[in-house]
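> give me a 3D structure for the following:
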Amino acid sequence: MRTMLFRLWRILARIPGLEGFLLHVINARFIVGVSGVILDGENRVLLFHHTYRRRYAWGLPGGWMRAGEDARVALTREVAEESGLAVNVLAPIAVETVRRRTIIEMIYLARLTGGQFLPSAEVDAIRLVEGDIDEPIKPVQRRAIAEVRRLAAEGKLPERIDV
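Numbers count the residues shown, from 1 in each chain. Presented below is the predicted three-dimensional model:
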């Protein structure tokens, strides 16, 4: 049976556009979120207060990627849309799959480069945090912040992404 399915696949894959369509139909779909450990010039971490979140109202800036959008572009866009701030995305830090839902969250290291905070419907406050974060935030975000702080303490923060 398996051999027959592979033969059928090879035949159908020759039809232009059909392979992509079939892959789309038979594979799971995921929502992809992107967030950033965004540091200012003093290596303080930027946190957003999200108006729509109950459990983790404070957290890293970010949002959902659009179809075909580069993750770095999505993070830059989301930060600007939600706060009026500008960032330079440097390097990926973490990727997590939320198992009970079809969500993938990518976390990047970024630098705050400018702008002025303007509250939005999604973000009503920001904080730059130097020490411990007292507010409950997503565990993956807390781990990403800890990793960035470790790299900063060792003088190993990447200055740019190499791809």
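> just for the protein, where's the confidence low?
Applying pLDDT under 70 to the chain flags residues 161-163.
> where do the strands sit along it?
All strands of the chain, identified by DSSP state E, fall at 31-39, 45-50, 58-59, 62-64, 85-98, 103-115, 123-129.
> buried set for the second one?
Under the neighbour-count criterion of 16 or more other CB atoms under 10 Å, strand 45-50 has 45-50 buried. Where C-beta positions appear, they are placed from N, C-alpha and C, glycine not excepted.
> which one of these is nearest Ala144?
If you rank the buried residues of strand 45-50 by distance to Ala144 using CB to CB, Val45 comes first, at 9.7 Å.
> Leu5 versus that closest one, what's the distance?
Distance of Val45 to Leu5, given as CB to CB, to the nearest Å: 50 Å.
> output the longest helix along the chain as CSV, nothing but the C-alphas.
Looking across the chain with DSSP state H, the single longest helix is helix 139-153. C-alpha atoms of helix 139-153 as CSV (Å, rounded to 0.1, in the frame of the first residue of the first chain):
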residue,chain,number,x,y,z
PRO,A,139,7.7,30.6,30.6
VAL,A,140,9.3,30.5,27.2
GLN,A,141,9.7,34.3,27.3
ARG,A,142,11.2,34.2,30.8
ARG,A,143,13.7,31.6,29.5
ALA,A,144,14.6,33.7,26.5
ILE,A,145,15.2,36.8,28.6
ALA,A,146,17.4,34.7,30.9
GLU,A,147,19.4,33.5,28.0
VAL,A,148,19.9,37.0,26.6
ARG,A,149,21.0,38.3,30.0
ARG,A,150,23.5,35.4,30.2
LEU,A,151,24.9,36.2,26.8
ALA,A,152,25.1,39.9,27.7
ALA,A,153,27.0,39.1,30.9
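> can you list contacts of that helix?
Around helix 139-153, the neighbours that count as contacts under CB atoms under 8 Å, 6 or more residues apart in numbering are 35, 37, 39, 43, 45, 56, 59-60, 93-94, 96, 105, 107, 109, 133, 157.
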